[in-house]
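> Prediction below, plus the sequence it came from.
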Amino acid sequence: MCDIEILIDNTFPIIEGMLKRSGSFPLQASAIKPDSMFTRISTYNGAEQTSSAELITELKKAFRKKTGSYRSVAVFSNILTVNPDTSIKTRAIEVYIEAKNEQSAYTFYYPYSMTGNRDIRYADTWSKITRKEIFNESEAGPEIPVFIQQPEFQDDANLSRSRRSALEKFWGRMSRPASRFTPK
């Protein structure tokens with residue numbers, strides 16, 4: 001399993017639990033350390049009304065100062081965005097993921113709505129490849145061609161249809177070798 005899947009699969013159940021309980025969730029972050037250990041990162045900064053954008057900026061700055069402590073990081077936020085397929089505003093879980101060994105960062109969008117019983121309904125997901133903000137090229141070391149094999153997605157109760165769809169779309173858009181990721 002690649003770092004992207006590990007970060008999403010280990011953080012999403014926590015976010016979904018918070019959404020079901022309160023209809024929202026505070027900014028979440030998780031990372032994978034160089035020894036392959038998954039860890040959640042606290043985003044509480046002591047301020048009462050810090051905006052998500054300010055908190056994301058602070059979190060990315062903190063990650064930049066400690067790039068040697070992590071090999072991959074993810075920031076999960078609850079946003080209001082426009083679905084590029086429908087042009088309709090929607091709530092979405094935005095997942096920004098960056099890894100030392102990748103040329104680019106990735107952002108996944110999981111649009112959702114809540115039913116009256118607090119069940120989460122996901123719409124079709126989308127993703128994009130973005131500029132790295134945490135691990136800059138000088139810290140990534142020399143470019144080494146790395147080939148990534150698309151994982152086989154088996155039926156797994158912990159991997160929702162929406163997450164599976166986003167990951168399959170992501171892997172389908174990747175070109176080989178991995179050091180030359182480009183959008184379709």
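Perfect, thanks for sending it.
> Could you give me the buried positions within the helix or strand hosting Thr81?
Assigned by DSSP states H and E, Thr81 falls within strand 72-82. Across strand 72-82, burial judged by 16 or more other CB atoms under 10 Å covers 72-78. Placement of C-beta: from N, CA and C, glycine included.
> Any chance of those residues in TSV with pLDDT as columns?
Putting those into TSV (pLDDT from 0 to 100) gives the following:
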residue	pLDDT
Ser72	94
Val73	94
Ala74	94
Val75	93
Phe76	94
Ser77	92
Asn78	93
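> what about the helix or strand that comes right after the strand holding Thr81, average pLDDT?
Later in the chain than strand 72-82, the nearest helix or strand by DSSP H and E is strand 89-99. Averaging pLDDT along strand 89-99 yields 94.
> how deep is the nearest residue to Phe63 once chain neighbours are set aside tucked in, by neighbour count?
If the residues on either side of it in the chain are set aside, Phe63 comes closest to Ile134, at 4.6 Å by CB to CB, 6 or more residues apart in numbering. If you count neighbours by other CB atoms under 10 Å, Ile134 ends up with 24.
> List the contacts of Ile134.
By CB atoms under 8 Å, 6 or more residues apart in numbering, Ile134 lies in contact with 60, 63-64, 67, 73, 98, 105.
> mind checking how far it is from Ser77?
15 Å (CB to CB, to the nearest Å).
> One more: Leu7?
Computed as CB to CB, the Leu7 to Ser77 distance reads 14 Å.
> Helices along the protein, start to end?
Remark: helices assigned in the chain by DSSP state H are 3-22, 52-65, 137-140, 161-173.
> So, low pLDDT: which residues of the protein?
Counting by pLDDT under 70, the chain shows low-confidence ranges at 1, 42-51, 137-184.
> Look up the closest residue to Ile79, ignoring the ones flanking it.
Leaving aside its chain neighbours, Ile79 sits nearest to Glu94 (4.8 Å; criterion: CB to CB, 6+ apart).
> My guess is the one you found contacts Phe76. True?
Yes: counting by CB atoms under 8 Å, Phe76 is a contact partner of Glu94 at 7.2 Å.
> Now do the strand holding Thr81 against strand 89-99, angle only.
For strand 72-82 against strand 89-99, the angle by axes from the mean of the first three to the mean of the last three CA atoms, to 10 degrees is 160 degrees.
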